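1. Please find the sequence and the predicted model below.
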Amino acid sequence: MNEEVFYYLDNWLKQQGYRMAEDSMDWIHRILWLIAVLLFAYLIAFICRKVVLPLIEKVVSKTKVTWDDYLFNPKVLRNISRVIPALVVYVTLPFVFSAEVMWLNFLMKITSIWLIVVGLRFIHSFISSVYELSTQHEELRNRPLKGVYQMLKIVIIFIGLIGIVSVLVDKSPLALFTALGAAATVLMLIFKDTITGLVAGVQLSANDMLRPGDWIKMPKLGIDGVVTDVNLTIVKVLNWDNTVTTIPPYTLVSDTFENWRVMQESGGRRVKRSVDIDVQSIRFCTDEERAAWQDCEWFAPLKDEKEVVNLRVFREYLTDYLRRHPRINADLTLMVRQLQPTPQGLPLEIYFFSADRRWIPYEHLQAEVFEYIYAILPRFGLRAFQMPSGMDVNEVIRKI
């Protein structure tokens with residue numbers, strides 16, 4: 001058929017006063033075939049974009065599962081449609097230019113590079129879709145996987161560049177990889193932070209040490225806030241004073257840091273504070289005090305004792321108060337205990353867990369409990385220790 005086309009084209013040119021040389025006929029012959037191949041590839045791509053892809057999108061939108069919405073999103077489908085014409089040209093060229101070795105080799109190189117580029121774009125968008133899908137998974141959404149996916153993209157791009165170079169120089173990709181082995185030391189120096197960040201990111205993810213949204217503390221670096229982003233090279237922390245600190249991932253692996261996630265996921269947030277009791281106020285309870293507490297349920301374990309110390313009574317009362325408090329989780333550890341005496345008195349430590357783990361309600365509960373403790377101490381004949389102030393000295397002088 002192509003010979004008939006060139007025959008009629010040659011006759012028409014002769015009628016117009018032109019005559020084509022044999023070389024010119026060969027050039028036009030090749031160009032027309034190339035145009036035909038490209039038009040055929042464009043036709044296939046047009047059918048895919050206008051018929052096949054809308055059909056796939058319609059099917060995906062009607063399925064009950066959600067994973068296909070991410071893996072077959074419009075960006076991935078568009079990149080697939082760009083791969084198809086490159087594949088069509090790559091497969092068709094050997095049949096069209098089988099007798100033209102030089103032309104075939106040249107066009108196959110261009111097509112191979114075209115195919116690698118569009119293939120890289122498709123793989124890049126597919127990896128991004130897999131990452132978005134993983135963020136929706138309950139077990140993976142909080143894992144610091146962003147850096148792993150970023151490194152995977154870098155590796156894919158690096159392999160693609162090696163493929164393009166191998167096509168241009170007409171060498172095997174394996175041979176190029178072997179040659180690059182000699183330059184591995186230089187590459188490791190260039191990409192040292194990236195490689196270290198990848199290894200640290202894998203350790204953080206594998207050991208579940210850090211997730212976006214975790215509250216972490218590193219007093220050495222002045223970090224105290226919520227992790228907002230974990231990627232290949234940096235970890236961003238939004239501190240409570242609204243400043244942002246960025247640190248490399250390997251710093252978190254090589255150094256120690258506090259992660260409050262377990263506390264936030266547990267049944268309560270710990271309160272551990274002490275009140276210094278003036279030892280001079282510790283004494284045995286009077287008969288009137290015992291009679292006043294006789295009917296109280298919390299005093300029942302002390303009824304049969306001949307002598308009861310007011311501090312012990314206060315500890316029983318305070319323990320019962322904490323157990324009955326509606327905003328304290330009584331299922332977790334709760335106790336009122338003594339610590340080693342100091343020159344400032346006898347420390348009485350109050351240890352319990354707030355049921356509300358949020359910062360402001362936690363602080364309000366803590367303040368409420370200790371305000372109550374300081375106010376109730378005199379009812380048990382106890383005093384909190386306080387260093388003498390100017391007012392105390394003036395009061396003594398006034399009495400003298």
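-> Thanks, I have the structure now.

2. Off-centre distance for the one helix or strand I157 maps to?
-> I157 is part of helix 146-169, with elements assigned from DSSP states H and E. A distance of 24 Å separates the centroid of the chain from that of helix 146-169, by C-alpha atoms, centre = their mean, to the nearest Å.

3. Also stretch 269-277?
-> With C-alpha atoms, centre = their mean as the basis, the mean position of stretch 269-277 lies at 35 Å from the chain mean.

4. for the record, mean pLDDT for it?
-> Averaged over stretch 269-277, pLDDT sits at 92.

5. For burial, what's the neighbour tally of S281?
-> Neighbourhood size, S281 [other C-beta atoms under 10 Å]: 18. For glycine as for every other residue, the C-beta is placed from the backbone atoms N, C-alpha and C.

6. Can you report phi and psi for N239?
-> Backbone torsions for N239, taken as degrees, to the nearest 10, come to phi -70, psi 160.

7. Now do the same contact list for it.
-> By C-beta atoms under 8 Å, 6 or more residues apart in numbering, N239 lies in contact with G222, I223, D224, G225, T245.

8. what's the distance between it and R323?
-> Look at N239 and R323: by C-beta to C-beta, to the nearest Å, they are 36 Å apart.

9. swap in V199?
-> Between V199 and R323 the computed distance is 49 Å (C-beta to C-beta).

10. Report the mean per-residue pLDDT for the one helix or strand E363 maps to.
-> Assessed by DSSP H and E, E363 sits inside helix 359-376. Average pLDDT, helix 359-376: 93.

11. helices and strands around it, which ones?
-> strand 269-277, helix 310-324, strand 346-354 (3 or more C-beta pairs under 8 Å, 6 or more residues apart in numbering; DSSP states H and E).

12. would you put the C-alpha positions of the longest one in CSV?
-> Extracted as CSV, the C-alpha positions of helix 310-324 are listed here (Å, rounded to 0.1, in the frame of the first residue of the first chain):
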residue,chain,number,x,y,z
ASN,A,310,-3.6,12.3,113.3
LEU,A,311,-1.3,12.0,110.2
ARG,A,312,-2.4,8.4,109.8
VAL,A,313,-6.0,9.4,110.0
PHE,A,314,-5.4,12.1,107.5
ARG,A,315,-3.8,9.6,105.1
GLU,A,316,-6.9,7.3,105.4
TYR,A,317,-9.2,10.2,104.8
LEU,A,318,-7.3,11.5,101.8
THR,A,319,-7.0,8.1,100.2
ASP,A,320,-10.8,7.7,100.5
TYR,A,321,-11.3,11.2,99.1
LEU,A,322,-9.1,10.5,96.1
ARG,A,323,-10.9,7.2,95.4
ARG,A,324,-14.3,8.8,95.4
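
13. contacting residues around it?
-> Residues from elsewhere that reach helix 310-324 (C-beta under 8 Å, 6+ apart): 277, 281-285, 289, 293, 296-299, 301-302, 328, 330, 334-336, 346, 348, 350, 352, 369, 372-373, 376-377, 380-382.
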